Each structure stands twice: as C-alpha cells, then as structure tokens.
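K.L.:
What follows is a protein structure lacking sequence information:
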C-alpha cells in the first residue's frame, strides 16, 4: 500500500483491485461497506451511520437498480428492451437530471456518447448473461444498419420516455456517479457533512478539508501515476482496461460505430457533481476536453495509448514522472 500524504488530512491512495482509484481509511473513521449494482461501495464517515440511514441508503440503491439495470429482467430498462413495438415508460422524477446530462453529452460528442449503446455492448459480449463472446459479424452488421440514436429514437418529456421499438438503454457512463450523488444527498439530509462515498472509482467527498487521491495506473495495479487533491467535490475514473474481456474488447464504445475506442486508455475527472465527473470521464475518450469546457466546469487527467499524460482545467494535484525506458 502506498502512502500519499504526511499530514493529518484523510488519505485515499494505493491500489484496490478493479479500480482506477483506491481508498484507505484513516484511523478513527467508520466504514460502511456493501456490494451493489455490480461493484463494491465504501462510505467513510467520522462516526458510524445510524441503522436507519444505512437502510435508507441500501433501499435507494436497490430502487435505482430496479429501474436502470440492464442485467435484471424485471427492471424498467429491461422492459423497454423487451417491448416489441415500443411504448410509454415513466421513470422516477429524479431521472430528469440524468437524462438532461445525456442530452448535453450526446450533442457535445456528436452522438459518440449515447445511452442507446446498450445493444452494441450486448453484441460484443457484454450482455445480461455475461457471455463475453461477440456475436457473428453478420449480426453486428445488421444492427449497424439500423443503429438507434438517443436524439432520434427516443421522445422524452421530463422523466417520460416514448419509444417505437425495442431499445437497450445503458446508463453506465453516468449512472453510477448519479447514484453516488443520490447517496451523498441522503447523508447530507441525515446531517452528515463529512464523508467519502466511494463506488469503486466514482468518489464523492463531503467536507472542507481536502483529501489526496492516488490515480492508479490502468495497466499496472498497485502503481499510481499521480495524486489529485479533492475537497467537497467528486473524482471519477475510467479505463479501457477495466471491464475488458478480449483483445480490443472493452466497455467504452463510440456509439456512432458500436466499436471500442483505443486512442485513450484512462481518464480521471474532478467536478462538483459526481454524475458530471463520471460522464465526462467517458466523454473524454470520445471528444477533446476543450469541447466540453463551455458546458461544464471540471479538471481532468488523461492517459493516452502511448503512455503520455495530459491535464486540463487547472488540475489540482501532482503527476509523477514516467519511468525511463
């Protein structure tokens, strides 16, 4: 485990399997950990959370899963995917912010980031059965001829979506960060103002004292390429080496082509909202940071396929020099 600070501030650093950020609890902190939506969650607070707060958090996470999971046959998203002629589907009111965010990013990326990318993920093997086996090229080509687009194939009025055919919605690019924000709001409603909610790489810090977060190397677990300073904000990370299941097969796709991207291998984004940081961590694989800067306030680090790194937006932290080759 690597230490990232020598002062008395909370520290988040070092490796955790499967993540591009990792956390170590300070002495004297309380940790509420659980597994949900296919990942590990850890909520660090100064004192143990009351049982009723823990129950509200678990209930909110389960209700989110029941709406948005394409891996649950009973979810609302699965109902949309199974509706032969489409239909009218009403989401919770708080879905409006999530859909607004996708509206923005679909526009800013020229359609490269699109929540209707779910079917392409399934065809490449990232399906509800986790087959991890791509379907034949002819089947993928047939889908490409009628590939849907969020702005064209979904009619949206607030939290209501109207569709005309089966569509596979995947909110993985922003959904986990969105849920971290919902959980953070529950903590704040309960009077908890100092906390860290860490959903395996999507992290929200509450409090005025900064924390230092190690940026884990995407291909070398246990090694960090730098440290970010975060105070009362979110940091989210994404890497094409996570959820990869074959040569050049991973979860970050260009929705216009249905193909995985390869020019960038990892991103880290700091923003006020976790859903924004999460979404931009994906968008940066698909479009330059400057195209997003007029619409969002953020700072970021990006690692390119050749190992070079760059920063944008006044990144508050330190990047370590690359090892000599």
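P.N.:
Here it is on my side, so go on. If you're wondering where the values come from, they're calculated on a predicted model, not measured in any experiment.
K.L.:
make it CA atoms for all contacts and neighbour counts henceforth
P.N.:
OK.
K.L.:
need the contact list for the residue nearest the centre of the chain.
P.N.:
For the chain, residue 278 is the residue whose C-alpha lies nearest the centre (CA atoms, centre = their mean; 4.1 Å). Going by CA atoms under 8 Å, 6 or more residues apart in numbering, residue 278 touches 173, 174, 175, 176, 177, 202, 235, 236, 237, 269.
K.L.:
out of those residues, which are buried?
P.N.:
173, 174, 175, 176, 177, 202, 235, 236, 237, 269 (16 or more other CA atoms under 10 Å).
K.L.:
and the strand or helix carrying the fifth one, what does it pack onto?
P.N.:
Using DSSP states H and E, the secondary-structure element containing residue 177 is helix 175-189. Packed against helix 175-189 by the contact rule (3 or more CA pairs under 8 Å, 6 or more residues apart in numbering; DSSP states H and E) you find helix 51-68, strand 195-199, strand 202-206, helix 274-283.
K.L.:
picking up where we left off before, state the distance from the residue nearest to the centre of the chain to residue 222.
P.N.:
As defined by CA to CA, to the nearest Å, residue 278 lies at a distance of 22 Å from residue 222.
K.L.:
Give me the neighbour count for residue 191.
P.N.:
9 (other CA atoms under 10 Å).
K.L.:
next one: phi and psi at it?
P.N.:
Torsion angles at residue 191 (phi, psi; degrees, to the nearest 10) stand at phi 90, psi 10.
K.L.:
can you pull the pLDDT of it?
P.N.:
On pLDDT, residue 191 comes in at 97.
K.L.:
where does it sit relative to residue 185, distance-wise?
P.N.:
10 Å.
K.L.:
Equivalent analysis for residue 264, please.
P.N.:
Plainly put, residue 264 is 33 Å away from residue 185 if you go by CA to CA.
K.L.:
pLDDT weak spots in the chain?
P.N.:
1-28, 321-325 (pLDDT under 70).
K.L.:
circling back: the more surrounded of residue 264 and residue 185?
P.N.:
Comparing residue 264 with residue 185 by other CA under 10 Å, the one with more neighbours is residue 264, at 19 against 15.
K.L.:
Identify each buried residue in stretch 191-209, please.
P.N.:
Here stretch 191-209 shows 192-206 as buried, counting by 16+ other CA under 10 Å.
K.L.:
ignore the last one, stretch 94-106
P.N.:
95, 96, 98, 99, 102, 103, 105, 106.
K.L.:
Dump the residues you listed into CSV; add secondary structure as well.
P.N.:
Shown next, in CSV, are these (DSSP: H, G, I helix; E, B strand; the rest coil):
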residue, secondary structure
95, helix
96, helix
98, helix
99, helix
102, helix
103, helix
105, helix
106, helix
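K.L.:
Using a markdown table, lay out those residues together with distance to residue 181.
P.N.:
Listed next are those as a markdown table, based on distance: CA to CA, whole Å:
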| residue | distance to residue 181 |
| --- | --- |
| 95 | 12 |
| 96 | 14 |
| 98 | 11 |
| 99 | 15 |
| 102 | 16 |
| 103 | 19 |
| 105 | 19 |
| 106 | 21 |
